[in-house]
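In: model this:
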Amino acid sequence: MQTIQRTLIQTPWWVYVLLIYLLWMGIKATQPRIVVLRRLFIIPAFFIWFSLHTLLNTFTINILSISSWSIALILTTTLGVYQVVRLPFKVDKNKFLIELPGSWTTLILIVIIFATKYYFGYQMAVDPQISNQTSFELSMLIISGACTGLFFGRLIGYLYRFKVEPHIDLQTKPHERLFLLKYLR
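Out: Numbers count the residues shown, from 1 in each chain. As a prediction, this is how the structure comes out:
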């Protein structure tokens, strides 16, 4: 119990701020909402950077690490696309808006990624030599690539649906209009 408490206390403050922000984004994603298309790039871009950072800076770059990360990324990108293209969408092509159905997937993925990243970081802090173990390296890279692939695939699915769906003039609520106007300029 003291180890857990010590770990939580020694965690940098910005990790908690990041967790709160990501949880807030995940909770918002559980409700149907109208979103400016370019906002859909935020979470996938963050996790692509996060995943590449893990691949390039945590382990020795070799064919095994790159191929395991890449295969996980490619397979789950396909899953992410499939997950999104079957959902109902409405798009406003003039205002670059898309009406997304609510889903728990974003929140669940955020929690999984954060928990695994925290776990792996903790393990490496406690035993720096663990990063030399192939099974640890592959586990971390496959999970990182898989979660990133799901977000990236969902983005591709959103963009595809935006392109193929018929235009519908989406009306937003007054407080959303002010927010959207800020991002449409």
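In: Got phi/psi on Asp127?
Out: Main-chain torsions, Asp127, degrees, to the nearest 10: phi -140, psi 90.
In: Checking my notes, Glu99 in a helix, right?
Out: No: under DSSP: H, G, I helix; E, B strand; the rest coil, Glu99 falls outside any helix and is assigned strand.
In: what's the closest non-adjacent residue to Ile71?
Out: Gly145 (7.5 Å; Cβ to Cβ, 6 or more residues apart in numbering). Every C-beta, even on glycine, is put in place using the N, C-alpha and C of the backbone.
In: same deal with Gln83?
Out: Arg154 is the one closest to Gln83 (Cβ to Cβ, 6+ apart), at 6.3 Å.
In: and the one you found, how many neighbours does it have?
Out: Arg154: 27 surrounding residues under other Cβ atoms under 10 Å.
In: Likewise for Lys163?
Out: By the measure other Cβ under 10 Å, the count of residues near Lys163 is 9.
In: That one and Thr77: what is the separation?
Out: Counting by Cβ to Cβ, to the nearest Å, the gap from Lys163 to Thr77 is 18 Å.
In: which ones are touching the residue nearest to Gln83?
Out: Contacts for Arg154 (Cβ atoms under 8 Å, 6 or more residues apart in numbering) come out as Pro44, Gly80, Val81, Gln83, Val84, Thr105.
In: now Ala45: how far from Phe151?
Out: According to Cβ to Cβ, Ala45 and Phe151 sit 9 Å apart.
In: Could you check which of those two is surrounded by more residues?
Out: More crowded of Ala45 and Phe151, by other Cβ under 10 Å: Phe151, with 25 against 13.
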